[in-house]
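> sequence and computational prediction follow.
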Amino acid sequence: MADELIHGPLGTKTAHLCVDMQTLFAERTDWHLPWLQRVLPGIVRLAQAKADETVFTRFVPPEKPEDMPGTWKRYYERWRGMTRPALEPAMIELVPDLAALVPPAAVVDKSRYSAFAEPQVHRLLQERGIDTLVVTGGETDVCVLATVLGAVDLGYRVVLTRNAICSVSDETHDALLTLYRNRFGQQIEVADIDTILDAWR
């Protein structure tokens with residue numbers, strides 16, 4: 001299927017929302033994303049071109065499992081090695097090529113999968129008059145999925161950058177791209193970086 005933006009060009013009310021491109025996922029940790037390095041150059045290119053319009057999220061684990069509610073406690077009991085005391089502080093940071101763009105790019109920390117679990121994300125975007133989001137980052141089938149569905153629920157036009165999202169699973173990455181196109185076609189568009197940059201001037 002050819003890339004296209006079926007709802008037209010991207011205007012001044014567009015922001016680039018980059019999800020969790022952090023050292024935590026780039027390095028050989030328990031949460032390592034092998035694809036991250038493959039998609040990083042494209043994300044850097046987009047973020048450099050639109051640094052003023054870029055918002056990065058960082059996934060910040062808790063100090064201890066007991067700090068989190070419900071099933072998140074059980075989750076971090078399984079991943080205790082990924083709680084903050086077990087990690088070097090630098091692991092939470094954005095990968096260096098993206099960290100270099102802050103400022104003018106903004107950073108918002110989150111403790112859940114969806115960027116919109118943190119009220120300040122929606123508030124920041126609304127203060128800037130944003131109604132359209134170009135989404136990059138990882139993982140396609142976890143934090144990107146949760147963020148995209150949160151954005152849809154809030155009424156944003158969502159443009160998912162096909163060659164700038166990543167997952168540890170080829171199978172679920174491909175399945176999610178099919179889902180986005182086939183089930184959410186009125187609210188989610190999928191296009192590559194060149195198509196997006198050509199449309200966002």
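Yep, that arrived. Residues are numbered from 1 along each chain as shown.

> how far does the longest strand along the chain sit from its chain's centre?
Secondary structure of the chain per DSSP state E: the longest strand is strand 157-166. Here strand 157-166 is found 9 Å from its chain centre; the criterion is C-alpha atoms, centre = their mean, to the nearest Å.

> how about stretch 31-47?
The chain centre lies 11 Å from the centre of stretch 31-47; the measure is C-alpha atoms, centre = their mean.

> could you count how many residues lie near residue 17?
26 (other C-beta atoms under 10 Å). To be clear about C-beta, it is placed using only N, CA and C from the backbone, and glycine gets the same treatment.

> sorry, wrong one. I was asking about residue 54.
Other residues near residue 54 come to 24 when the count uses other C-beta under 10 Å.

> OK, contacts around the closest residue to it other than its chain neighbours?
Of all residues beyond its chain neighbours, the one nearest residue 54 is residue 105 (4.0 Å), with distances taken as C-beta to C-beta, 6 or more residues apart in numbering. Going by C-beta atoms under 8 Å, 6 or more residues apart in numbering, residue 105 touches 47, 51-52, 54-56, 98.

> then residue 59?
By C-beta under 8 Å, 6+ apart, the contact list for residue 59 reads 20, 22, 24, 110-111, 143.

> circling back: show me which of the contacts of residue 105 is closest to residue 182.
Of all the contacts of residue 105, residue 182 sits closest to residue 55, with 28.0 Å by C-beta to C-beta.

> from residue 109, how far out is that closest one?
12 Å (C-beta to C-beta, to the nearest Å).

> ok, those two, which is more surrounded?
A count of neighbours by other C-beta under 10 Å puts residue 55 above the other of residue 55 and residue 109, at 21 against 13.

> on that earlier part again, what two of the contacts of residue 105 are the furthest from one another?
Using C-beta to C-beta, the contacts of residue 105 span at most 14.5 Å, a distance reached by 52 and 98.

> those two: who's more crowded?
residue 98 (23 against 12).

> nearest spatial neighbour of the more buried one, chain-adjacent residues omitted?
Nearest one to residue 98, counting by C-beta to C-beta, 6+ apart, is residue 21 at 5.5 Å.

> next, count neighbours for the one you found.
Neighbourhood size, residue 21 [other C-beta under 10 Å]: 28.
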